[in-house]
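Peer 1: output the structure for:
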Amino acid sequence: MHHLIPLLVAVPLFGAALLVATGRHLPRIAAEITGVVFSGGTAALALVLLLNSSPPMTEWVGGWLPVAGESVGIVVVGDGPALGMAALASLLTLAALAYSWRYFDEPPRDRTGSFTALMLVFQGAMCGFAVAGDLFNAFVFFELMSVVAYALTGYRIDEAKAVQGALAFGIVNSLGAYAMLTGIALLYARTGELAMAKIGRGLDAAGQGGPDALVLASFVLVLTGLLVKSAAVPFHFWLPDAHAVAPTPVCMLLSGVMVELGAYGAWRVYGTVFAGPGGIPAAGLTRALVTLGILTAVTGAVMCWYQRHIKRLLACSTVAHTGLFLVGLGVLTPEGDAGIALYLLGHAGVKAALFACAGVLLDRFGSVDEHALHGRARGQLRATAVMFAVGALGLAGLPPFGTALGKSLTEEAVGGPLTVVYVAASAITAGAVLRVTARVFLGLGPRPEDAEYETSGSGEEPETSGPLRRIPDTMTTVPAVLLAAALAVGVIPGFGALVARSVDEAGSGGVHAPAHWTLPGVLLGVASTVLAAALAGLAVTRPGWVAAPGWATPLRRLQSGHVGDYVAWLLVGATLLGALALPGILGS
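Peer 2: A predicted model of the protein is given here:
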């Protein structure tokens with residue numbers, strides 16, 4: 001089976017090349033069917049490989065096997081987490097393509113099939129990053145992801161906002177990639193290796209006295225690139241700007257899997273490269289990830305609550321949950337890793353479904369402004385209203401959603417005051433989504449005052465040729481399936497234990513963490529849901545609750561839209577990351 005792993009990259013890339021070569025000559029329906037076939041075939045292959053990933057598999061691409069322990073070949077890994085992320089990326093790409101069936105009505109002829117081709121390249125890049133066993137090829141697929149996502153974000157190139165959002169996305173993520181490449185070069189200079197496992201062994205052999213400045217610099221640079229991709233604070237500014245302008249199917253992938261791949265990359269690189277005696281001590285990583293995670297969760301939750309642009313609101317929610325992922329990974333326990341794996345799976349389905357519902361609003365009413373849409377969907381879009389509310393409950397961590405199971409396990413792993421961060425961030429982000437549901441779909445509460453707001457969402461245009469009078473079945477079926485999948489993660493007997501075992505085998509040498517519902521976890525999930533409903537109720541009945549107070553205004557203004565500001569914050573974040581990791585090195 002291990003010989004099939006490279007096909008996870010080759011199949012979607014071949015499909016994209018076929019569409020580029022023949023797209024101008026194919027009917028629109030044929031191009032879309034081709035994309036679905038190649039994407040679905042890759043997803044099926046990823047699932048088959050995932051079911052056969054114990055024991056983990058390794059493949060040297062092209063048959064360039066190591067000789068006397070040395071090789072110039074490309075290595076890919078086929079363990080549970082790698083193939084699980086590849087399967088998640090493929091399934092969400094398939095869902096996004098199904099959602100966008102005839103989405104961009106009758107584009108110019110020279111763009112026929114280009115959107116589908118770009119989505120396939122994006123899928124191939126995500127799969128390649130997930131299974132990469134050497135750092136350089138992880139960087140290659142990291143950069144390919146960025147380039148394609150940049151093109152997809154600015155796909156509506158005739159709109160100035162799309163170009164601006166895509167430009168911020170491209171520059172910030174490119175700088176993150178350059179930082180990662182520089183860190184890889186330092187590691188190569190120290191060890192002469194590119195395979196992650198061999199770099200780790202090389203650092204251990206060369207660093208008997210403990211890590212030095214070069215190891216710290218490489219760690220900071222590589223982790224900076226990965227945290228830019230995962231939109232951790234203060235590397236996160238590109239994310240709301242990109243989501244505000246990206247086509248809805250692209251938002252489903254950006255928040256549903258690409259951000260999660262950044263967190264997965266940090267977990268993979270540390271555990272394989274830097275976890276040994278010649279790398280970064282566990283205390284250094286814990287301090288860095290937990291600190292940045294708390295900062296990310298709090299900032300994302302506050303920004304989410306004070307948004308009225310629905311797509312920006314959902315993007316800030318992604319930032320908040322990224323912070324929760326980083327905290328769980330930062331405690332470096334099998335229970336935390338297993339919990340985050342389940343949390344990530346549930347969050348992917350919920351967040352992609354919520355963006356799909358936001359796309360329905362945009363294409364039906366030509367707006368994603370919570371204030372302008374007050375009551376406009378009342379009596380209409382009943383299925384979308386139900387799914388939006390259910391998605392909010394999933395974000396809150398209401399049992400038995402997969403998000404609730406993952407949140408429960410992670411809260412038990414982090415313990416103490418950090419549990420409050422999980423409950424608060426989940427409740428605030430879910431409360432914001434419930435507030436939108438109550439106002440837009442039910443028309444509850446007084447109409448908010450139309451105060452001046454720089455990112456209201458009222459100036460948006462439908463992504464179809466005009467406002468839809470009838471919502472296509474694909475645009476309601478896809479989010480329903482995604483929510484059902486997020487629910488299944490927490491409901492299917494034994495699924496949590498299977499995920500935990502797979503993660504443990506790859507990360508901690510077979511130390512199996514329990515993955516089951518606990519009474520404290522269920523109670524905390526119910527508590528965060530009740531708190532979310534209470535916050536939404538207060539916001540609807542007292543609109544002043546949503547107006548940003550004085551202390552939150554500077555935080556909102558940091559999202560300036562100026563690329564130079566975002567670059568400056570990237571440098572601040574890299575410096576902060578080094579400062580947080582340094583005490584662990586000095587004490588080793």
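Peer 1: where does this structure have its least confident helix or strand?
Peer 2: helix 553-557 (a mean of 73; mean pLDDT, DSSP states H and E).
Peer 1: ok, Val233 - contacts?
Peer 2: By Cβ atoms under 8 Å, 6 or more residues apart in numbering, Val233 lies in contact with Leu292, Leu295, Thr296, Thr299, Gly300, Val319, Gly323, Gly573. All C-beta spots, glycine's among them, are computed from the backbone N, C-alpha and C.
Peer 1: find the nearest non-adjacent residue to it, please.
Peer 2: Thr296 (4.2 Å; Cβ to Cβ, 6 or more residues apart in numbering).
Peer 1: also Phe169?
Peer 2: Ala242 (4.3 Å).
Peer 1: over to Thr116?
Peer 2: Gly35 (3.6 Å).
Peer 1: avg pLDDT for the helix or strand harbouring the residue nearest to Phe169?
Peer 2: Secondary structure from DSSP states H and E places Ala242 in helix 238-245. The average of the pLDDT scores along helix 238-245 is 91.
Peer 1: those helices in the stretch 451-588 of the chain, which residues are they?
Peer 2: 473-491, 495-507, 519-541, 553-557, 563-586 (DSSP state H, counting those that start in this stretch).
Peer 1: elements contacting the shortest one?
Peer 2: Secondary structure elements in contact with helix 553-557, counted by 3 or more Cβ pairs under 8 Å, 6 or more residues apart in numbering; DSSP states H and E, are helix 282-305.
Peer 1: from Leu576, how far out is Ser174?
Peer 2: From Ser174 over to Leu576 the distance is 21 Å, taken as Cβ to Cβ, to the nearest Å.
Peer 1: Ala338 now?
Peer 2: When Ala338 is compared with Leu576 (using Cβ to Cβ), they lie 28 Å apart.
Peer 1: same drill for those two, tell me which one is more crowded.
Peer 2: Ala338 (30 against 17; other Cβ atoms under 10 Å).
Peer 1: tell me the domain boundaries of the chain?
Peer 2: Using automatic domain parsing, the domain parsing of the chain gives 1-133, 158-276+569-588, 281-547.
Peer 1: so which strand or helix has the residue nearest to the spatial centre of the chain?
Peer 2: In the chain, the centroid-proximal residue (Cα atoms, centre = their mean) is Val259; its distance is 2.5 Å. Using DSSP H and E, Val259 sits within helix 259-269.
Peer 1: tell me the angle that helix makes with helix 282-305.
Peer 2: Orientation check (axes from the mean of the first three to the mean of the last three Cα atoms, to 10 degrees): helix 259-269 against helix 282-305 gives 170 degrees.
Peer 1: what helices and strands are in contact with helix 259-269?
Peer 2: Short answer (3+ Cβ pairs under 8 Å, 6+ apart): helix 259-269 packs on helix 80-99, helix 114-131, helix 135-153, helix 213-229, helix 310-330, helix 334-365.
Peer 1: from Gly391, how far off is the residue nearest to the centre of the chain?
Peer 2: Counting by Cβ to Cβ - Val259 and Gly391 are separated by 17 Å.
Peer 1: buried residues, the helix or strand Ala43 falls within. List them.
Peer 2: According to DSSP H and E, Ala43 maps onto helix 28-51. Under the neighbour-count criterion of 16 or more other Cβ atoms under 10 Å, helix 28-51 has 28, 31-32, 34-36, 38-43, 45-47, 49-50 buried.
Peer 1: which one is Trp569 nearest to, not counting chain neighbours?
Peer 2: Pro234 (4.3 Å).
Peer 1: shaky segments in this protein?
Peer 2: 68-69, 102-112, 207-210, 450-460, 462, 465-466, 507-513, 544-553, 584-588 (pLDDT under 70).
Peer 1: can we see that at 50?
Peer 2: 106-110 (pLDDT under 50).
Peer 1: excluding chain neighbours, what is closest to Tyr422?
Peer 2: Glu411 is the one closest to Tyr422 (Cβ to Cβ, 6+ apart), at 5.2 Å.
Peer 1: so what's the backbone phi/psi at that neighbour?
Peer 2: phi -60, psi -40 (degrees, to the nearest 10).
Peer 1: got it, and Val76?
Peer 2: phi -120, psi 150.
Peer 1: rewinding a little: want to throw the helices and strands packed on helix 259-269 into a markdown table with distance to Ala506?
Peer 2: Below are those laid out as a markdown table (distance: least, Cβ to Cβ, whole Å):
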| stretch | distance to Ala506 |
| --- | --- |
| helix 80-99 | 5 |
| helix 114-131 | 12 |
| helix 135-153 | 16 |
| helix 213-229 | 17 |
| helix 310-330 | 13 |
| helix 334-365 | 9 |
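Peer 1: looking at those, which is closest to Leu19?
Peer 2: Of all the helices and strands packed on helix 259-269, it is helix 114-131 that lies closest to Leu19, at 4.1 Å by Cβ to Cβ.
Peer 1: helices or strands up against that closest one?
Peer 2: Using 3+ Cβ pairs under 8 Å, 6+ apart, helix 114-131 sits against helix 7-22, helix 28-51, strand 74-78, helix 80-99, helix 135-153, helix 248-253, helix 259-269.
Peer 1: hmm, 6 Å instead?
Peer 2: helix 7-22, helix 28-51, helix 80-99, helix 135-153 (3 or more Cβ pairs under 6 Å, 6 or more residues apart in numbering; DSSP states H and E).
Peer 1: and the third one, how far out from the chain middle?
Peer 2: Relative to its parent chain, helix 80-99 has a centroid offset of 12 Å by Cα atoms, centre = their mean, to the nearest Å.
Peer 1: what of the second one?
Peer 2: Between the centre of helix 28-51 and the centre of its chain there are 21 Å (Cα atoms, centre = their mean).
Peer 1: buried set for the helix or strand following that helix?
Peer 2: Remark: after helix 28-51, the chain's next helix or strand is strand 57-61, criterion DSSP H and E. Under the neighbour-count criterion of 16+ other Cβ under 10 Å, strand 57-61 has Met57, Glu59, Trp60, Val61 buried.
Peer 1: sweet, I'm off.
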